[in-house]
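A.B. asks: Generate a structure from the sequence data that follows.
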Amino acid sequence: MMLIQTAPALAEQVHKTILDEICEGRLMPGTHLKQEELAARLGVSRQPVQQAMALLKADGLVEEVGKRGLRVSHLDVDLMHHHYEVRALLDGLAARLCARRLAKDEAARKTFEQRARAILAAGSNAVTENDVPEMIRQDEALHRLFYEACGNPLLPATAEPHWRFLRRVMGDVLRKAEPPRDIWHQHQAIVDAALAGNKKRAEKLMRKHAIRAADLLATHTDDGANPS
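C.D. replies: Below is the predicted model:
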């Protein structure tokens, strides 16, 4: 692994590196995380590692194990379903509002289409390269595009807590539960419905997309979820 160079946002870089390793499955659920070892491996001091651990703990990605320190959290399937249920509603609303707005605002439609096509292309390329962290980033970018384009400024902030938890879950979905190419075919259909101004179809496809991801992950998860 390349050493991370000193920068103002060093803790963010450490956080991103460890998050990517969790999402890729290189840091498996139950793996104990020793801050000294992480700092040495990444070529940084303990302070940015401590800050990154605090962020990961807040996101539910790592947890305390008594006096043994921290470990990568096991997936709580029930909690995952709760997050996905809320996200399905929020994303469905964003898709419906977005389709309605794009049908009335040609300038917004052109901007949305340009950005959506770029994200779809980048996501498909990430699938070809089997780059799971990049797939997650592009997946999130597409959903954020719907939040931004829907015209409701409250949606992005409302959805953010759920995305923080689901970034790790998405890694499991992409690695285990569903062929990644199918996910991007679903994205394409949702984008097409929004561009066509079809509010009902855009909302239906978006909600189905979220619930399917949750159901498939629950079916395929084998990491010791909900351990006693």
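
A.B. asks: So which residues of the chain form helices?
C.D. replies: Taking DSSP state H to define them, one finds helices in the chain at 10-24, 35-42, 46-58, 77-104, 106-129, 132-149, 154-172, 180-195, 199-220.

A.B. asks: Take those helices and lay them out in JSON lines including mean neighbour count, mean pLDDT and distance to G69.
C.D. replies: Any C-beta I mention is one placed from the backbone N, CA and C, and that applies to glycine too. As requested, the helices of the chain are exported to JSON lines (neighbours: other Cβ atoms under 10 Å; pLDDT from 0 to 100; distance: least, Cβ to Cβ, whole Å):
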{"stretch": "helix 10-24", "mean neighbour count": "20", "mean pLDDT": "87", "distance to G69": "14"}
{"stretch": "helix 35-42", "mean neighbour count": "15", "mean pLDDT": "92", "distance to G69": "8"}
{"stretch": "helix 46-58", "mean neighbour count": "18", "mean pLDDT": "91", "distance to G69": "9"}
{"stretch": "helix 77-104", "mean neighbour count": "20", "mean pLDDT": "94", "distance to G69": "22"}
{"stretch": "helix 106-129", "mean neighbour count": "16", "mean pLDDT": "95", "distance to G69": "33"}
{"stretch": "helix 132-149", "mean neighbour count": "21", "mean pLDDT": "92", "distance to G69": "25"}
{"stretch": "helix 154-172", "mean neighbour count": "19", "mean pLDDT": "83", "distance to G69": "19"}
{"stretch": "helix 180-195", "mean neighbour count": "19", "mean pLDDT": "92", "distance to G69": "33"}
{"stretch": "helix 199-220", "mean neighbour count": "19", "mean pLDDT": "88", "distance to G69": "27"}
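
A.B. asks: need those helices in TSV with distance to V65, can you?
C.D. replies: Shown next, in TSV, are these (distance: least, Cβ to Cβ, whole Å):
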stretch	distance to V65
helix 10-24	16
helix 35-42	14
helix 46-58	12
helix 77-104	18
helix 106-129	33
helix 132-149	26
helix 154-172	18
helix 180-195	32
helix 199-220	24
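
A.B. asks: how about those helices, which one is nearest K67?
C.D. replies: Nearest to K67 among those is helix 35-42; the distance by Cβ to Cβ comes to 14.4 Å.

A.B. asks: so how far is that closest one from its chain's centroid?
C.D. replies: 25 Å (Cα atoms, centre = their mean, to the nearest Å).

A.B. asks: by contact count, what packs against that helix?
C.D. replies: If contacts are counted by 3 or more Cβ pairs under 8 Å, 6 or more residues apart in numbering; DSSP states H and E, helix 35-42 sits against helix 10-24, helix 46-58.

A.B. asks: For my notes, please list these in JSON lines and give distance to A103 for each entry.
C.D. replies: JSON lines is the format used below for those (distance: least, Cβ to Cβ, whole Å):
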{"stretch": "helix 10-24", "distance to A103": "36"}
{"stretch": "helix 46-58", "distance to A103": "39"}
